[in-house]
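Chemist: Provided below are the primary sequence and the corresponding predicted coordinates.
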Amino acid sequence: MSGFEVSRKDMDRVSVVSLKGYLDAHTASDFEDVLQKLVDEDRVRIVVNLRDLHYISSAGLGVFMGFIENVRQREGDIKLAEMSEKVYRVFDLLGFPVLYEIFDSEAEAIQKYQP
Amino acid sequence: MKKKTTFFISVLILGVVALSDFHRIRTGIIAFPPLLREVLLTAVLLLQVIRVSWRRPVVRSDLIAQLQGLGISMLLLWVLNYVLSGQIEFEPDSFGTLTLNDLIIWTAFGMLLILFLIRILQHLSALIFIQQGRHTERNLRLFFISVFLAMGYNLFKSDPWEIDVFEGTFHFGRSPWENGMFGVVFLFSFILGFRNKWIHYLKKHQKWRVLFFGGLVFVFSQTYVHLIPETIQPYSNLLRVFSSCVFLLWTAYGGMALAGILFHLPAAGLIDRRAREIGTLQGLSTTISSIFRTDELIEKTVSMACQIVGADSAWIELREDDVYRIAGTRGIRTHELTGMPPPGLSPLRESVTDQQETVLINHLGRDKRTAHLRKWRSRAGSLLAAPLIFKEKVFGVLYAFCDRNFCFVEDGKGMFRAFANQVAIALENANLVAFSIEQERYREELRLAHEAQMRLLPRSMPHIPGAELEGLCVTANDIGGDFYDFIPVGPERIDLLVGDVSGKGASAAFYMAEIKGVVQTLAHLFSTPGEILKEINTFVRRHFEPDMFVTMIYAVYCPGKRRLRFARAGHTPVIHLGERGVESLEPRGLGLGLAEGDAFSRGLEEVEIGLRVREKLVFFTDGLIEVRNPEGEEFGENRLYAAMNEVNGFTAAETVASLHGCVDRFRRHHPVHDDMTLVILNVTA
């Protein structure tokens, strides 16, 4: 499985990270680096757009878990948006919807951060 | 004709001639007319010429031996002349006055002369044939043909040729025939004089030696030996012509060879050094390419670098994460190098790595890249720096330093570059070898880990009254994070679990082993899946990395009541194959390690189902439904459900085999990327 892209878009208060392709044990570190950079820059209001994500493995799911507590302690959050049904199924099986806010659109997720 | 045959025929002819000579002295009877006597002697010469010079000599002794042989033969000829000069004095027609003693000396002289002349011709032609040209063989033959033609012409003349270029006794204008013939012989001698390629093979000291001794012999030969033809004339007129021609060749060839050596001498040292350098470089290349340990290779490289260009010191820098570090030194200490005045070697290194060119600085103080190093070690200094390049990328720099200005020459730079290229290849080879050893070790460790992991899975299926269990775990990368276990807790309870540790490889396998141990203990302490999973969650939260989690189905089966109670911690659903068909059971539940204890407990739902005879439960991991075919399609839950419809009435083992076969047929050898686990509970009674 190959082909993974992660891009970052900084807005006023929120940073949007878009994932594309296959997020697995081999590509997880790319995603991790981007999140780590955001945390380092103290940009902890994060929306992850999963519209173009085709596949996520347990290692990919682990990336979210590795950051969520740190981000929430800094009064930020990781919100998920626009995930496909297939990807949602993976998140759902694991119980992610209980722990993470999931939105149909990126705009909604960003809106949620507005005071 | 064979060598021996020609030799015996020659000896025989000479013997017959000598006998007839003795006979003539004793009795005055002329056995052979003078003409026939000359023809016989010519035949001997012809035979010998053909034997030694007509064809390229088959046996080639080395060059020095040829030169020595030539010199010695010439010298012996000189001695012969010295000993005999004045001993024989007689006119051609003075046969009657000869004593027997005179005749013996005379005959011996003639024979020795033939022997030496032939030896000289043999050595000369051997030298001429070294790196022979296209026409060398032809020219040598034409020389001999013209010699024998001249002899033939002289056969009918009582007044023989006098060829003596130095004494000027060659009488021009005798007749156009004679001058023409002399011209032809001289022409071919001159042409053959150019065949002196062997001079290139002489080392400098050998050239000096040949020039000295060869010159000496040459001068001697010109002062004395040329008198021999006159001395031999009474014995045989044609032998005189022949020896004159041989001396002519000797004079032309020897003179030109000596001149050639003289011209070569100034460059001899350079040529020698070049040859030595190339030899050294080849030797060094062979040496370094046979070393596969990087540290040893670097050590050898710096010491050889010193040798090659005659430097005082040498060192090698290798790039690590874009920083150049000194990997090895010779004749200089690392702290001396690091203690250079800033910016040190950086400007030089940049120019070497950017241009990928070898740089020669013969005056440190005058080059702007090194001007700051003017007083670094001494007042002067020369520096050579060559890039180590692999796949068009510079990964290191090799330096050679000398504390004198203008220590290195431009040639040395070329050598240094060539050497650096060899070193680069050798270093890369050493790296590759180290890498493959590492890989091999890693593979072996993986294999051991895989074995260990496989031992953690149940080795045999437990016997349960009224039910059977079967499990299968296929790992994607030798070791994986999937596992299953059966824990008989009592006669009325057997626990079964299927789990998947996130991530893959060694760490997942390691965590899996831990979980297995924890679960074995918990199974005996708690009675419900919910309690047990909650405890495991706490354990995972406490001991695992924050980005790791485990998904698990934990089930407690009571064979007597055929009831199964289970909970799902983020794991793929359980499939129930019952009377009503295939049904997916998916109670709520978070993955282990995702949330704190209370949140986890709140999210966890326990389900209890009753099973009938011939009903089956299928537990699996996501790896099974995420298998892809070459087109990239996933096997998916729906295909699994469809496949489940085919296993009605199968035993647990048959069901596992059938489902696994179905997945394998689907993927058509497309590689799997995740572990696959399948556990079947089949109620039999």
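Modeler: Alright, I've got the coordinates.
Chemist: any idea which helix or strand carries the residue in chain A positioned nearest to chain B?
Modeler: With distances taken as Cβ to the nearest Cβ, chain A approaches chain B most closely at A:Gly66, which sits 2.9 Å away. The way it works is simple: take the backbone N, C-alpha and C, and place the C-beta from them, glycine included. Following DSSP states H and E, one finds A:Gly66 within helix A:58-73.
Chemist: show me where the stretch 301-450 of chain B has its strands.
Modeler: For the stretch 301-450 of chain B, strands defined by DSSP state E, counting those that start in this stretch occupy the ranges B:313-320, B:323-330, B:359-361, B:382-390, B:393-402.
Chemist: including mean pLDDT, distance to B:Gln68 and mean neighbour count, could those go into CSV?
Modeler: What follows is the strands of the stretch 301-450 of chain B, written out as CSV (pLDDT from 0 to 100; distance: least, Cβ to Cβ, whole Å; neighbours: other Cβ atoms under 10 Å in any protein chain shown):
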stretch, mean pLDDT, distance to B:Gln68, mean neighbour count
strand B:313-320, 92, 42, 21
strand B:323-330, 90, 43, 18
strand B:359-361, 89, 43, 21
strand B:382-390, 91, 42, 23
strand B:393-402, 91, 41, 23
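Chemist: let me have those strands in JSON lines, extended by distance to B:Glu586.
Modeler: Listed next are the strands of the stretch 301-450 of chain B as JSON lines, based on distance: least, Cβ to Cβ, whole Å:
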{"stretch": "strand B:313-320", "distance to B:Glu586": "52"}
{"stretch": "strand B:323-330", "distance to B:Glu586": "55"}
{"stretch": "strand B:359-361", "distance to B:Glu586": "71"}
{"stretch": "strand B:382-390", "distance to B:Glu586": "55"}
{"stretch": "strand B:393-402", "distance to B:Glu586": "54"}
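Chemist: between those strands, which gets nearest to B:Leu525?
Modeler: For the strands of the stretch 301-450 of chain B, proximity to B:Leu525 was assessed by Cβ to Cβ; strand B:313-320 is nearest, at 52.8 Å.
Chemist: put the alpha carbons of that closest one into PDB.
Modeler: Presented in PDB, the C-alpha positions along strand B:313-320 are these (Å, rounded to 0.1, in the frame of the first residue of the first chain):
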ATOM      1  CA  SER B 313      49.900  13.200   6.000                       C
ATOM      2  CA  ALA B 314      46.500  12.300   4.800                       C
ATOM      3  CA  TRP B 315      43.000  12.100   6.200                       C
ATOM      4  CA  ILE B 316      39.500  11.200   5.200                       C
ATOM      5  CA  GLU B 317      36.300  13.000   6.000                       C
ATOM      6  CA  LEU B 318      32.900  11.300   5.700                       C
ATOM      7  CA  ARG B 319      29.600  13.000   5.600                       C
ATOM      8  CA  GLU B 320      27.100  12.100   8.300                       C
END
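Chemist: so what strands line up beside that strand?
Modeler: With DSSP bridges as the test, strand B:313-320 is paired with strand B:323-330 (antiparallel), strand B:393-402 (antiparallel).
Chemist: any residues touching it, and which ones?
Modeler: For strand B:313-320, the surrounding residues in contact (Cβ atoms under 8 Å, 6 or more residues apart in numbering or on different chains) are B:298, B:301-303, B:305-306, B:324-332, B:334, B:337, B:345, B:349, B:388, B:394-402, B:423, B:427.
Chemist: hang on, the earlier thing: immediately after the helix holding A:Gly66, which helix or strand?
Modeler: Counting by DSSP H and E, the element that comes right after helix A:58-73 along the chain is strand A:77-81.
Chemist: give me the angle between whichever helix or strand comes after that next one and helix A:58-73.
Modeler: Read in the C-terminal direction, the helix or strand following strand A:77-81 is helix A:85-94, with elements assigned using DSSP H and E. Comparing the axes of helix A:85-94 and helix A:58-73 via axes from the mean of the first three to the mean of the last three Cα atoms, to 10 degrees yields an angle of 70 degrees.
Chemist: put the alpha carbons of helix A:85-94 into PDB.
Modeler: The C-alpha trace of helix A:85-94 is given here as PDB (Å, rounded to 0.1, in the frame of the first residue of the first chain):
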ATOM      1  CA  GLU A  85     -18.200   5.600   5.100                       C
ATOM      2  CA  LYS A  86     -15.500   3.000   4.900                       C
ATOM      3  CA  VAL A  87     -13.200   4.900   7.100                       C
ATOM      4  CA  TYR A  88     -16.000   5.800   9.400                       C
ATOM      5  CA  ARG A  89     -16.600   2.100   9.800                       C
ATOM      6  CA  VAL A  90     -13.100   1.600  11.100                       C
ATOM      7  CA  PHE A  91     -13.400   4.500  13.500                       C
ATOM      8  CA  ASP A  92     -16.800   3.300  14.600                       C
ATOM      9  CA  LEU A  93     -15.700  -0.200  15.400                       C
ATOM     10  CA  LEU A  94     -13.000   1.100  17.600                       C
END
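Chemist: between the two ends of stretch B:598-611, how far is it?
Modeler: 31 Å (Cα to Cα, to the nearest Å).
Chemist: list the buried ones in that stretch?
Modeler: By neighbour count, with 16 or more other Cβ atoms under 10 Å in any protein chain shown as the criterion, the buried positions of stretch B:598-611 are B:Phe600, B:Gly603, B:Leu604, B:Glu606, B:Val607, B:Ile609, B:Leu611.
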